[in-house]
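Colleague: generate coordinates for the sequence data below:
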Amino acid sequence: MQAEAPSADSATVALRQASWVGNAELFALEGSPPQAATRAKIVRALASRGRHLSWRVTLDNPTDASLRLTVGVRVTGRFAGPLTFWDGLGERPAGAEREANSNIRGTFPMSCLVSGETGIAAGLAPREIVSWFEHSYMPAADGPQLDASLRGESLRLACAVRVALAPGETLTREFVLYGFQAPFGYRDALQVYYDEFPSVFHPLPDVDPRVNLNGATYHAWTSNDPEMCRRMRAGWEWCYAPFRRTGDWYGRADRWDYQPVRAMSKDRAMPREAYLAA
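Modeller: Presented below is the predicted three-dimensional model:
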C-alpha cells in the first residue's frame, strides 16, 4: 500500500493500492463536557513500520476539568467490486447501512474491508489496553473525489476508542492500518497482523510452555481419556481448583474467607496456610 502524507503530524494521509484508492484520517469526536475535543491538545505522529502504518495520537488535557471524548482512525475510499466487512468477529456483505461492532468480548482489535483479492484493514495496535472500542463500516456519500476508473461506491472503515482524561493528564493511543492481498479474505488481514507483531503472539523464552496448553474440558476428569488429551494438547482441567476463589492463584489473605452469594454445599478449599505450603 502506498501512502502520502503532507507531514508526520498530518491529520490525513492519501492511500493507494491495487483496486483501491482513498485517504485515512485521525478524528476526535465531541464528548463531555461540550467541545471536549476542541479543548484537548492533540498531537499526531504517523510512521511507516514494516507492512503497516502506525498512527499515534497523544491527547493532553490542559484544563481543570475532566474530558471525555472519542478518537479513532477512519479510512475513506472506493473499491472496484463487491465488498465484505469483517468486524473483528464476524463477516458479512457490506450493505447500504452503517454496521458496527462494539462488543469487546472476543473481538479482534482490527477490522477490514475485502473486495475480490485485495483489502484494507484498520484497528488498534496490539498492546493498547482499552475498556471500549468500536469497529464500523458505512457508505460515505461525502467521500473524496477519487480515481474515476474505480466506479464502486465510496466507503468508510473506522476504529474508535473512548478516552477519559483527568485534569493535566496525557494519554497516547496507537492505531494501525494497512493494505493486503486477500486470496483468503479477512484471514489474510489476520496473518499480516500476526506477522507485524510477532512478540505479542509468542510467549517469552523463560515462560513455562505448559501455560499455552488447552483445557481438557473434562476429558481428563470424567472420560479419563489420556489419548484425547494428548491430541487436544490439553494441560489443565476445570476440576482442579485448590484455591479458595477460582482464578485467585496468589491466595490473598483478605479474599480467602468470603461468603459467596450462592452458598457452597460444603467447604471446597483447603486452609490458606496449607495451600501456600503445597
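Colleague: contact partners for residue 52?
Modeller: Residues in contact with residue 52 (C-beta atoms under 8 Å, 6 or more residues apart in numbering) are 176, 177, 178, 192, 196. Backbone N, C-alpha and C define where each C-beta goes, glycine included.
Colleague: run the last query once more with 7 Å
Modeller: Residue 52 makes contacts with 176, 177, 178, 196, as judged by C-beta atoms under 7 Å, 6 or more residues apart in numbering.
Colleague: buried set for the helix or strand hosting residue 56?
Modeller: Using DSSP states H and E, residue 56 sits within strand 52-60. For strand 52-60, burial by neighbour count (16 or more other C-beta atoms under 10 Å) applies to 52, 53, 54, 55, 57, 59, 60.
Colleague: show me how far it is from its chain's centre.
Modeller: Here strand 52-60 is found 15 Å from its chain centre; the criterion is C-alpha atoms, centre = their mean, to the nearest Å.
Colleague: note down every partner strand of the helix or strand just after that strand and its orientation.
Modeller: The helix or strand immediately downstream of strand 52-60 is strand 67-79, counting by DSSP H and E. Strand 67-79 pairs in its sheet with strand 20-32 (antiparallel), strand 154-165 (antiparallel), by DSSP bridges.
Colleague: how far off strand 52-60 does strand 67-79 point, in degrees?
Modeller: 160 degrees (axes from the mean of the first three to the mean of the last three C-alpha atoms, to 10 degrees).
Colleague: what average pLDDT does strand 67-79 get?
Modeller: Per-region confidence: strand 67-79 scores 87 on mean pLDDT.
Colleague: so which bits of that strand are buried?
Modeller: Result for strand 67-79 [16+ other C-beta under 10 Å]: buried residues 67, 69, 70, 71, 72, 73, 74, 75, 76, 77, 78, 79.
Colleague: what packs against the following helix or strand past that strand?
Modeller: The helix or strand immediately downstream of strand 67-79 is strand 84-86, counting by DSSP H and E. Here strand 84-86 is seen to pack against strand 91-93, strand 110-115 when contacts are counted using 3 or more C-beta pairs under 7 Å, 6 or more residues apart in numbering; DSSP states H and E.
Colleague: most tightly packed of these?
Modeller: strand 110-115 (a mean of 26; mean count of other C-beta atoms under 10 Å).
Colleague: what pairs with it, parallel or antiparallel?
Modeller: Here, using DSSP bridges, strand 110-115 pairs with strand 84-86 (antiparallel), strand 118-124 (antiparallel).
Colleague: show the subsequent helix or strand relative to the longest one.
Modeller: Counting by DSSP H and E, the next helix or strand C-terminal to strand 118-124 is strand 133-139.
Colleague: can you mark which positions in that following strand are buried?
Modeller: 133, 134, 135, 136, 137, 138.
Colleague: mind listing what the first one touches?
Modeller: Neighbour list for residue 133: 104, 109, 124, 159, 160, 161 [criterion: C-beta under 7 Å, 6+ apart].
Colleague: taking the contacts of residue 52, tell me the two that lie furthest apart.
Modeller: 177 and 196 (11.3 Å; C-beta to C-beta).
Colleague: tell me which of those two has more neighbours.
Modeller: Per other C-beta atoms under 10 Å, whichever of residue 177 and residue 196 has more neighbours is residue 177, with 24 against 17.
Colleague: that one falls within a helix, correct?
Modeller: No: counting by DSSP: H, G, I helix; E, B strand; the rest coil, residue 177 is not part of a helix but strand.
Colleague: what pairs with it across the strands?
Modeller: residue 53, residue 122.
Colleague: ok, residue 215 next?
Modeller: Here residue 215, judged by DSSP bridges, has bridge partners residue 236.
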